[in-house]
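Asks: Structural data only, the sequence is not supplied:
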């Protein structure tokens, strides 16, 4: 059975040594997050992931969810108990304000726990994950009454949440949506329509489900400007918040999916269901985007989680499987053959995944920290920069970490040879599960367009200038340090590629937007490579500092080698991305449609 | 339901205009393959793929194969009738000598039919595919008696064939194999052992199954030099070749796999089964390699086939799905939204797959043609060059076409957004099915090692010199042609990268073989990119010639644009591959094993 061990030590190192987490005591909630508290939280969360969530990962894949004839949905064996352990441990509200039953700790810690939980069991982690997204939306846009009625139950995990956006004819282009809301005399609305691909839409883990639903109020404008957000509970609330009548919303069917079988992806039928407006009428897309940003960061984390889980299993197999001899002579002469980890091509595979994982983990924590600064700092300038950087990096984290996370799961599967193709070994599941992260919460092509079409030009390119400014400062600060040279020089070249690409787009894509569209995915990956490179620079610096302290220096040498591997073998991809961007849109767009 | 249409017209163009197939009348069997015959064969084969094999692709995935309690294996609904249509049409023996019931036509045509059949239904195509491999091995290594007894039945499809190499503890490293062969007094052997991952190992499509099995004769040397090849029929043959007693070989179980569910991947138990030596004792690996080369080319073709099928469905969806508006203004103003094929990122995806498919098809046909020259020419020098080129390109075709074919299936799936993740749409199946091709017949890392460790240095690098010589001649011949400039210049740069990489390896990997191992996969892809670039150069030349003739010039303009897309956006990857190779093995190999 596949194994998983949450990367607790690495996360602690990243927070304390690389990201300066503990220097942020000025942010609300950070003063409580002392090194001891952080370590206790992460160790406990890691234990939950390792011992409760991970052992159910394969069970969930094999059993899947079942819709009973009466419309109830049952989840795989053990999911309910594991969900209750998660909720009972207070994990749902880790970073939710205490007034709604949460612990008020930094969101960055919640992101670390998401990393562990999704690596251990992606399908199971989605139930609380979607609830946390719904909680985030209600915290910002819900009325005081809505918050008081719904949030405490959601934070304690008694109720879960969902997001209902997609319809059969519209996903990316929500302006086309048709679900309608008709005002009732009491101020509520009657919601009717069909939503598809609703993760955790129906299940047996919690006693109520709070659906957040996009719909169009009768008579509202067409397009995206006529969309409102509604709260539609599965069970209406009676007196004092007790569960009342069943609402007119039900699961019509469960999709047969490639992966994440343990999560019920539902077609949800709204048949005059009673819902309440969340936030302003016709501003539903804005309200939903609060959830989307949170969700996109979490999905990027899922890409990393699957990459980490797949890596750990590939390492275990590579150390165990005996096949062939090292090119440099037998390494295990007492055995019939050497373990395959001696082979350079296997090493290359493992190093490639490892070098990504460690930097990607730094990047998601860094991005989450920007979120904490944005929401918890009292310094307006600091908040603005954090907002800019988080906005810029969210599509990169979502798009690049899920593209690479999936590719890494495939690479890790390859280490197993034929056994990787057999379901029992669990590697196929990592690949199949990781695949969804490239698609949901905005397919990665949409992330690329969000980056290049919105985030990059916004406020005259202020976010990118802030990012490049930070990078240039880093490069300058370490430019004279001989030990940092293997990091500074390649990153300098990569940043140069990024600047050239940005310049080319400024000069060419204004008049011809197809140039931006044709280069969007490459630009997203180019920025992602640079961002990962920056993380390696920071990790290298911190590792050198720790090594200078003595003690277990081997751990820091390993970090430095892994970082150099990234710099030598992975970062040079920026040149290819730049070449593609500069090729422009001509050949991409030239073919007649009928010729395809 | 997913659709498939065999690329018959493109194949005809490649054979006649690009590869000079009809100028090869000197080769045995080619004189019969007149343009009319070739067209009739390919149109008929395409029809079989489109109308008989493709409609069963999804059925096969959903139903899979079932092992009954008595050990019989049943295949999915319709598979038997489709298999009989394939066999009855004479396709099994298309390029088998007429004396054994075949048609003696060029193998190149058989490769074209494999492309169609595997694109239409990979799992189903594997039953005849493995039979053709077994036929090839018996043709070369079987005794006259073995050929007469087994080949006609296999060629008519009444019996199928398998290859039995892998055991639980050994796949790549066959030197470890334990299946044993004990001589019987009558000259036969009693074979005992367990083989795993045996495709088409047991099924209900044919009345007998001829297993080719690697085993060690009692007392034979350890390692690869003690392995012999045996023929073990499921039913022993009685008088006059009639079916006699059931042999001691049976299917113990069927693997639960990620894909190719329609093909029964069996654990085969040999329990004193009667077998006959094929070829010389202890030379079984050599005999098996005849099948392996044939099989590796065929597996590369499978990568292409899945890429083509996925592409066709992504195109259909991209023309049909309405979502958003073109960046340059509405293209379908009468509709609620534009078809997503207007979006540059969708175009980029489709062009990337298309530009690969067309060149990859040329490359597999070119490689198959080298095989025909090798086996059918009377000119020894021509045979040697063909042998060199085919040996050099077989691992590239296998490794690169399956890596890219899988990646393309993933990209095509992405075009469908969430629908791509739902099994009903069929895109998940293309991804899951394509995945196996990167693994079986030697995992792609093994292909890379075969290329860099065996094929490249063999005979003082004669094969690579022959390849580079051909390319230089092509570049020189077209260097003055202005219309060819967009092809000649980028290919020249890519060839330069290849030469630099080759030189670097010659200078650095002799003393340190880890440098070769660490760069092997990148080198394989680098050579693959150049080979595909060469194919585009040839296709461009032929397209320009056809366009000059007038008529449907749009078709040739489409070819030229697609080729330029490849040159601008895909071929520059050679630079990245070179940079990785030149990085050497240091950081790849430096980490302590216990640090992973």
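Replies: Ah, there it is. Remember, predicted model here, so these are calculated numbers, not experimental data.
Asks: Please make it C-alpha for all contacts and neighbour counts, starting now.
Replies: Noted.
Asks: Run through the residues that contact the closest residue to chain B within the stretch 101-250 of chain A.
Replies: Minimum separation of the stretch 101-250 of chain A from chain B (Cα to the nearest Cα) falls at residue A:173, amounting to 5.4 Å. Residue A:173 makes contact with B:323, B:324, according to Cα atoms under 8 Å, 6 or more residues apart in numbering or on different chains.
Asks: now do the one 10 residues further on
Replies: If you count contacts by Cα under 8 Å, 6+ apart, residue A:183 has them with A:189, A:190, A:217, A:218.
Asks: Toward the C-terminus, what is the element adjacent to whatever helix or strand the second one lives in?
Replies: What it means is residue A:190. Residue A:190 is located in strand A:189-199, with elements delineated by DSSP states H and E. Moving toward the C-terminus from strand A:189-199, the next helix or strand (DSSP H and E) is strand A:208-217.
Asks: Run through the neighbouring helices and strands of that following strand.
Replies: Applying 3 or more Cα pairs under 8 Å, 6 or more residues apart in numbering or on different chains; DSSP states H and E, we find strand A:208-217 packed against strand A:159-164, strand A:180-183, strand A:228-233.
Asks: so who does residue A:109 touch?
Replies: Per Cα under 8 Å, 6+ apart, neighbours of residue A:109: A:38, A:42, A:94, A:95.
Asks: I misspoke; the intended subject was residue A:288.
Replies: For residue A:288, the contacting residues are A:137, A:229, by Cα under 8 Å, 6+ apart.
Asks: repeat that for 10 Å
Replies: Residues near residue A:288 by Cα atoms under 10 Å, 6 or more residues apart in numbering or on different chains: A:133-134, A:136-138, A:141, A:163-165, A:212-214, A:228-229, A:278.
Asks: separation between it and residue B:233?
Replies: 64 Å (Cα to Cα, to the nearest Å).
Asks: Let me see the domain layout of chain A.
Replies: In terms of domains, chain A is parsed into A:287-451, A:461-589 (source: automatic domain parsing).
Asks: Got phi/psi on the nearest residue to residue A:332 once chain neighbours are set aside?
Replies: Distance criterion Cα to Cα, 6 or more residues apart in numbering or on different chains; nearest residue to residue A:332, sequence neighbours excluded, is residue A:338 at 5.2 Å. The phi/psi pair for residue A:338 (degrees, to the nearest 10) reads phi -80, psi 150.
Asks: Just the pLDDT at residue A:338, thanks.
Replies: pLDDT for residue A:338: 97.
Asks: Same check on residue A:280?
Replies: Residue A:280 is given a pLDDT of 96.
Asks: What residues does the closest residue to it other than its chain neighbours make contact with?
Replies: Spatial nearest neighbour of residue A:280, chain neighbours left out: residue A:228 (7.3 Å); criterion: Cα to Cα, 6+ apart. Each residue near residue A:228 by Cα under 10 Å, 6+ apart is listed here: A:180-181, A:213-217, A:220, A:277-288.
Asks: just to revisit the earlier point, okay, the residue nearest to residue A:332 and chain B: tell me how far apart.
Replies: 10 Å (Cα to the nearest Cα, to the nearest Å).
Asks: For that residue, the count of nearby residues, please.
Replies: 23 (other Cα atoms under 10 Å in any protein chain shown).
Asks: Would you check that it makes contact with residue A:320?
Replies: Yes: counting by Cα atoms under 10 Å, residue A:320 is a contact partner of residue A:338 at 9.1 Å.
Asks: Find the helix or strand that the residue of the stretch 1-150 of chain A found nearest chain B is a member of.
Replies: Residue nearest to chain B within the stretch 1-150 of chain A: residue A:62 (11.0 Å; Cα to the nearest Cα). If you go by DSSP H and E, residue A:62 is part of helix A:57-63.
Asks: Which positions in that helix come out as buried?
Replies: A:57, A:58, A:59, A:60, A:61, A:62 (16 or more other Cα atoms under 10 Å in any protein chain shown).
Asks: Now tabulate those in CSV and tack on distance to residue A:371 and pLDDT.
Replies: Output for those, formatted as CSV (distance: Cα to Cα, whole Å; pLDDT from 0 to 100):
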residue, distance to residue A:371, pLDDT
A:57, 30, 98
A:58, 33, 98
A:59, 35, 98
A:60, 32, 98
A:61, 33, 98
A:62, 37, 98
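Asks: farthest pair in these?
Replies: With Cα to Cα as the measure, no two of the buried residues of helix A:57-63 lie farther apart than A:57 and A:62, at 8.9 Å.
Asks: Need the overlap of contacts for these two.
Replies: By Cα under 10 Å, 6+ apart, the residues touching both residue A:57 and residue A:62 are A:76, A:261, A:262, A:429.
Asks: what about residue A:328, how many neighbours?
Replies: Residue A:328, neighbours per other Cα under 10 Å, totals 12.
Asks: That one and residue B:509 touch, don't they?
Replies: No: with contact defined as Cα under 10 Å, residue A:328 does not count as touching residue B:509 (11.5 Å).
Asks: Neighbouring strands - and their directions - for the biggest strand by length in chain A?
Replies: Across chain A, the longest stretch assigned as strand under DSSP state E is strand A:265-278. Strands that pair with strand A:265-278, judged by DSSP bridges, come out as strand A:189-199 (antiparallel), strand A:228-233 (antiparallel), strand A:249-254 (antiparallel).
Asks: name the element residue A:557 belongs to?
Replies: helix A:553-565.
Asks: chain center to that helix: distance?
Replies: 26 Å (Cα atoms, centre = their mean, to the nearest Å).
Asks: Stretch A:49-59 near chain B at all?
Replies: No: contact of stretch A:49-59 with chain B is not found when judged by Cα under 10 Å from any Cα of the partner chain; the minimum separation is 13.5 Å.
Asks: What does the pLDDT read for residue A:133?
Replies: So residue A:133 comes in at 93 (pLDDT).
Asks: for residue A:36, same thing?
Replies: pLDDT, residue A:36: 98.
Asks: Run through the residues that contact it.
Replies: Counted by Cα under 10 Å, 6+ apart, residue A:36 has contacts residue A:42.
Asks: Lowest average confidence across helices and strands of chain A, where is it?
Replies: helix A:284-320 (a mean of 92; mean pLDDT, DSSP states H and E).
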